[in-house]
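Asker: next one to model:
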Amino acid sequence: MKKHYKGKMMENKVKICALTTISQTMELFVVDSMRNLSENGYEITLVCDMDKEFVCKNSDYAKCIPLQMNRGASIGDLIKIPFKLVKIFREGNYDVVYYMSPNASFYASVAAKFVGIKHRIYSQTGLRYVSLTGIKRNIFKIIEKVTCRLSTTIRAVSPKNREYAISEGLCEENKISVVGIGGTIGVDLSLCDSFNIQEIRAELKNKYNIPKDAFVFGYVGRINADKGINELIKAFSEIEKKYNHTYLVLIGMMDRLNPISRENMDIANKNPHIVLTGDISVEMVYKHMSMFDILVHPTYREGFGKVLQEAMGMRLPIITTDIPGPSEVIEDKISGILVKPKDAEGLVEKMEELYLDGDLRNSLAQNGRERAEKYFDRPIMLNNILEDMNKLLGI
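Answerer: Numbers count the residues shown, from 1 in each chain. A predicted model of the protein is given here:
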């Protein structure tokens, strides 16, 4: 990445501590921007629940501090993690604490405020409470409000998510903004074009016992209820009854915190036309997408939908939900198709429409790739983050 500076070269390096709950989030959404900031004069520390492999991959540009944290609600973490972070922040003497993911953001905002860190930046990539009901929704909304209140700067993942946060009373309008048109680190489009798609497609279809000429609907992400997997399995079951050479490939880990229904899990396990690959490495995501004819992402809530940007890079037609985030990544009927969340019947209708209309698939795919090249290519996104950080710090 070419180095850019908004002002004079830094005489003293600005020290940034970036935090997420787990290393997968850090790898997917943070490390590339932190590496770029390091190359442009910033001193970086990374804190998350990390293993030796993560440290090895990132220690060339950042100090890596392992801190075990749980993704779900944990009274133990609530008590001990802020105290551990206070110690880390005091020892590091950071100018900026930057945090993402609900748990780490709450703990970091509390600790950074207590220590008196001048710049406390919350990367608000989604709101966990919006899909909850009852007392759980109230509790998690309070936690979100506290995180926002204790942060000096909030970067919403998209304009609609920003508007929603303001309308919900989570923060003042002047505290929250969006970098670029939204998103986090974008996608590396060069990787989409770095392999023989037809060759890898045939190889992976053979691996998963999918016929060469099968039509594949695909999904990438956590296998959980909030991602709309219950509706997707129901919808595909209807599609397969009419078109028996169709397949559904679900790529990602089973989420035990928010599982899909037992009934749909049984259907997925018993139906040979539904393939559960389990979790795969980041390096294999694009290659697995080469099996897809359509990406279906019927999520209930989302940040900005990085997987949608990846699918656009791979020239895939997309069906996703009309909610903040996804509805901003794609343009309805131009670079993708939007459906209502939690609407299995609507999903069936759009899956069948795209299955039958090859011209529409090709048009959506081409328009999606062009949109990704214009807005979401990684160098563009990383430079947006760098310029935003420089401006915030007056560099």
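
Asker: neighbours of Lys13, how many?
Answerer: Using other Cβ atoms under 10 Å, Lys13 has 12 neighbouring residues. Every residue, glycine included, has its C-beta placed from N, CA and C.

Asker: again, but for Gln309
Answerer: Per other Cβ under 10 Å, the neighbour tally for Gln309 reads 27.

Asker: contacts only, for it.
Answerer: Counting by Cβ atoms under 8 Å, 6 or more residues apart in numbering, Gln309 makes contact with Gly183, Gly186, Val187, Val329, Ala372, Phe376.

Asker: for Arg371, see how far away it is.
Answerer: When distance is defined by Cβ to Cβ, to the nearest Å, Gln309 is 9 Å away from Arg371.

Asker: quick one, what contacts the residue most central in space within the chain?
Answerer: In the chain, the residue lying closest to the centroid (Cα atoms, centre = their mean) is Lys306, at 4.9 Å. By Cβ under 8 Å, 6+ apart, Lys306 lies in contact with Leu28, Phe29, Gly183, Thr184, Val187.

Asker: try 7 Å
Answerer: Applying Cβ atoms under 7 Å, 6 or more residues apart in numbering, we find Lys306 in contact with Leu28, Thr184, Val187.

Asker: can you pull out the strands in the protein?
Answerer: 15-22, 43-49, 62-66, 96-100, 119-124, 153-156, 176-178, 215-220, 246-251, 274-278, 294-297, 318-321, 337-339 (DSSP state E).

Asker: closest to Arg262 out of the contacts of Gln309?
Answerer: Checking the contacts of Gln309 against Arg262 by Cβ to Cβ gives Val329 as the nearest, at 32.0 Å.

Asker: that closest one: neighbouring residues, count only.
Answerer: The number of residues packed near Val329 is 30, by other Cβ under 10 Å.

Asker: for it, give its distance to Tyr286.
Answerer: Separation of Val329 from Tyr286 (Cβ to Cβ) stands at 17 Å.

Asker: what of Arg120?
Answerer: 35 Å.

Asker: the stretch 1-150 of the chain: helices as residue ranges?
Answerer: 23-29, 31-39, 52-58, 75-92, 102-115, 134-150 (DSSP state H, counting those that start in this stretch).

Asker: select, out of those, the one closest to Glu349.
Answerer: helix 134-150 (30.3 Å).

Asker: pLDDT on the closest one, on average?
Answerer: The average pLDDT within helix 134-150 is 94.

Asker: same thing with stretch 72-90?
Answerer: Averaging pLDDT along stretch 72-90 yields 91.

Asker: tell me how many other residues surround the closest residue to Ile44 other than its chain neighbours.
Answerer: Distances taken as Cβ to Cβ, 6 or more residues apart in numbering place Ala62 nearest to Ile44, at 4.0 Å, with adjacent residues excluded. Using other Cβ under 10 Å, Ala62 is surrounded by 22 other residues.

Asker: ditto for the one 5 residues further on
Answerer: Counted with other Cβ under 10 Å, the neighbours of Leu67 add up to 17.

Asker: does it touch Asp49 like I think?
Answerer: Yes: with contact defined as Cβ atoms under 7 Å, Leu67 reaches Asp49; the gap is 6.4 Å.

Asker: distance of the spatially closest residue to Ser105 that is not a sequence neighbour from Leu150?
Answerer: Closest residue to Ser105 apart from its sequence neighbours, by Cβ to Cβ, 6+ apart: Tyr99 at 4.4 Å. Tyr99 sits 10 Å away from Leu150, going by Cβ to Cβ.

Asker: the helices in the stretch 201-350 of the chain, which residues?
Answerer: With DSSP H, counting those that start in this stretch as the criterion, the stretch 201-350 of the chain has helices at 229-242, 262-270, 285-289, 306-313, 326-329, 344-356.

Asker: got those helices as TSV, with mean pLDDT and distance to Met389 columns?
Answerer: Output for these, formatted as TSV (pLDDT from 0 to 100; distance: least, Cβ to Cβ, whole Å):
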stretch	mean pLDDT	distance to Met389
helix 229-242	98	36
helix 262-270	96	43
helix 285-289	96	27
helix 306-313	95	20
helix 326-329	95	22
helix 344-356	98	39
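
Asker: what pLDDT does the model give the closest residue to Lys160 other than its chain neighbours?
Answerer: Nearest residue to Lys160, sequence neighbours excluded (Cβ to Cβ, 6+ apart): Pro324, at 3.5 Å. Pro324 carries a pLDDT value of 90.

Asker: contacting residues around Pro324?
Answerer: Per Cβ under 7 Å, 6+ apart, neighbours of Pro324: Ser158, Lys160, Asn161, Tyr164.

Asker: re the thing from before, mind putting the strands of the chain into JSON lines with distance to Asn138?
Answerer: Below are the strands of the chain laid out as JSON lines (distance: least, Cβ to Cβ, whole Å):
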{"stretch": "strand 15-22", "distance to Asn138": "22"}
{"stretch": "strand 43-49", "distance to Asn138": "27"}
{"stretch": "strand 62-66", "distance to Asn138": "33"}
{"stretch": "strand 96-100", "distance to Asn138": "23"}
{"stretch": "strand 119-124", "distance to Asn138": "19"}
{"stretch": "strand 153-156", "distance to Asn138": "21"}
{"stretch": "strand 176-178", "distance to Asn138": "22"}
{"stretch": "strand 215-220", "distance to Asn138": "31"}
{"stretch": "strand 246-251", "distance to Asn138": "32"}
{"stretch": "strand 274-278", "distance to Asn138": "35"}
{"stretch": "strand 294-297", "distance to Asn138": "28"}
{"stretch": "strand 318-321", "distance to Asn138": "24"}
{"stretch": "strand 337-339", "distance to Asn138": "29"}
